[in-house]
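Asker: Here's a sequence, model it:
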Amino acid sequence: MDVDAFTAAHQADWARLDELVRRRRRLTGDEVDELVTLYQLTTTHLSVLRASGHDPVLAARLSSRVAQARTTVTGSHVPAWSAVSRFAAVSFPAMAYRVRWWWAGTAGGSILVGVLLGWWVARSPGVQAAKRAMERAFGREVLFTREGGSGPEADLAEILDAPLVFVAVGLDQDRIHAPNEKVEMALLLRGAEAVAYLWADLAADHAGITAAR
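Answerer: Got it, this is the predicted structure:
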């Protein structure tokens, strides 16, 4: 390929591309279309020149032109951390403020339901009996904390239409259902003692209810 002839044939297009890039903030609609066309054309020229391998200096100059034109056409790259910072500092607070009454009402309703449900559960005869049994077995006051759990026992409670009470003596560090799970024998024996007290307490309650009838 004759590099001089190639350059002479396309120099006007490259010069026009440079001019449009310099005036990128003041372009008309037709000039924007022309900029995109010249950017694509110059990219093709660069590919042809690189494939020939005759003039690395000219290829470097065209590569710089293409890079500047690409930035003009597609816009500058915004760092990801900048977008995250803007979301955290501007977008999310603005969105949260616009829907503040909705999420405040939802949060308040959820808290109220949780409080009422906890109050109702804590006052149930089965839970109170378990609390008394645990206090007798461990010799100290039992406090209620937020805790979750699941199991097939819920199906049994539904079938028998009877209250369900868990008597748990495990610790978080016991890693139940995980590798290397364990149990403290002293706590397990205290739990068995608490269950014995629980059965006696429930039997006494049942006898009192039956006598009252």
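Asker: tell me the domain ranges of the protein?
Answerer: Split into domains by automatic domain parsing, the chain comes to 3-74, 78-120, 124-212.
Asker: Can you tell me which of those is most buried?
Answerer: Among the domains of the chain, domain 3-74 has the highest mean neighbour count (mean count of other C-beta atoms under 10 Å), at a mean of 14. C-beta here means a position set from N, CA and C on the backbone, and glycine is covered the same way.
Asker: Compute the first-to-last residue distance for that one.
Answerer: 30 Å (C-alpha to C-alpha, to the nearest Å).
Asker: Just give me the longest helix of this structure.
Answerer: helix 185-212 (DSSP state H).
Asker: What mean pLDDT does that helix get?
Answerer: Throughout helix 185-212, pLDDT has a mean value of 79.
Asker: Now do that helix: distance to the chain's middle.
Answerer: 44 Å (C-alpha atoms, centre = their mean, to the nearest Å).
Asker: which SS class is Arg86?
Answerer: helix (DSSP: H, G, I helix; E, B strand; the rest coil).
Asker: scratch that, Trp119
Answerer: Following three-state DSSP, Trp119 is assigned to helix.
Asker: quick one: low-confidence parts of the chain?
Answerer: Applying pLDDT under 70 to the chain flags residues 75-80, 148-151, 205-213.
Asker: mind running it again at 50?
Answerer: Scanning the chain for pLDDT under 50 picks out the ranges 209-213.
Asker: picking that back up, could you list every helix and strand in contact with the longest helix of the chain?
Answerer: helix 125-138 (3 or more C-beta pairs under 8 Å, 6 or more residues apart in numbering; DSSP states H and E).
Asker: the inter-axis angle of the helix it packs on versus helix 185-212?
Answerer: 140 degrees (axes from the mean of the first three to the mean of the last three C-alpha atoms, to 10 degrees).
Asker: list the helices and strands helix 125-138 packs on?
Answerer: Using 3+ C-beta pairs under 8 Å, 6+ apart: helix 125-138 touches helix 185-212.
Asker: my read: Val195 touches Phe166, true?
Answerer: No: counting by C-beta atoms under 8 Å, Phe166 is not a contact partner of Val195; they are 11.0 Å apart.
Asker: if I pick Arg65, what's in contact with it?
Answerer: Contact analysis of Arg65 by C-beta atoms under 8 Å, 6 or more residues apart in numbering lists Trp14, Leu17, Asp18, Val21, Thr42.
Asker: any idea which helix or strand carries it?
Answerer: Assigned by DSSP states H and E, Arg65 belongs to helix 56-74.
Asker: residues in contact with Leu17?
Answerer: Residues near Leu17 by C-beta under 8 Å, 6+ apart: Leu35, Leu38, Tyr39, Thr42, Arg65, Ala69.
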